[in-house]
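Engineer: Below: sequence and its predicted model.
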Amino acid sequence: MVSWIISRLVVLIFGTLYPAYYSYKAVKSKDIKEYVKWMMYWIIFALFTTAETFTDIFLCWFPFYYELKIAFVAWLLSPYTKGSSLLYRKFVHPTLSSKEKEIDDCLVQAKDRSYDALVHFGKRGLNVAATAAVMAASKAPPRILRSRFRKKSTSSSATETT
């Protein structure tokens, strides 16, 4: 439990906040070299975070699992090892370059399908809401509806006469 808490703190502070601040400084200074370095880091960190979601479920019982995560984040950030740059240049960039067309096609299809699904479920939601409103109005006792109608009509006719 203590290892988990320390691991979360290290990943949060050194894996997220520290790089976020230096990314800000790179953008502010317009230093292309620093900007590229931090972009490579964020791509690797996004992959790490995605993998971590699953490995935390299946490998948390593994001895020194959380300590290895801390060491990995330190390795990614270290200016001596340049871990994020190494992983990006050796593995991620070649893989993404070779699969870029397929990934782009999948993203376009997902975007189109999600828009269609949003429209479809939006229409269904509006239909359900309209049906529920009509049903609720039809189940209201007639006296209540008439009294509400009279209140509105008398208040609107009173404002018209003044």
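Structural biologist: Yes, it's here. Numbering: from 1, shown residues only.
Engineer: Pull the residues that contact stretch 15-22.
Structural biologist: 34, 38, 41, 42, 45, 48, 73, 76, 77 (Cβ atoms under 8 Å, 6 or more residues apart in numbering). In short, each C-beta sits where N, CA and C put it, glycine included.
Engineer: Distance from it to the middle of the chain?
Structural biologist: On the basis of Cα atoms, centre = their mean, to the nearest Å, stretch 15-22 sits 18 Å off its chain's mean C-alpha point.
Engineer: got the buried residues for it?
Structural biologist: 15, 19 (16 or more other Cβ atoms under 10 Å).
Engineer: for that stretch, what is the average pLDDT?
Structural biologist: Per-region confidence: stretch 15-22 scores 89 on mean pLDDT.
Engineer: cool, and stretch 72-79?
Structural biologist: Taken as a whole, stretch 72-79 has an average pLDDT of 91.
Engineer: Okay, buried residues for that stretch please.
Structural biologist: The neighbour-count check on stretch 72-79 (16+ other Cβ under 10 Å) flags 73, 76, 77 as buried.
Engineer: now stretch 49-62
Structural biologist: residue 52.
Engineer: Convert it to CSV, retaining C-alpha atoms only.
Structural biologist: Output in CSV follows, covering the C-alpha atoms of stretch 49-62 (Å, rounded to 0.1, in the frame of the first residue of the first chain):
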residue,chain,number,x,y,z
THR,A,49,-0.2,5.8,-18.8
THR,A,50,-2.3,3.7,-21.1
ALA,A,51,-0.2,0.6,-20.4
GLU,A,52,-0.2,1.4,-16.7
THR,A,53,-4.0,1.2,-16.6
PHE,A,54,-3.9,-2.4,-17.5
THR,A,55,-0.6,-3.4,-15.8
ASP,A,56,-1.9,-2.0,-12.5
ILE,A,57,-4.7,-4.5,-12.6
PHE,A,58,-2.7,-7.6,-13.6
LEU,A,59,0.8,-7.0,-12.3
CYS,A,60,0.3,-5.1,-9.0
TRP,A,61,1.1,-8.3,-7.1
PHE,A,62,4.5,-8.6,-8.8
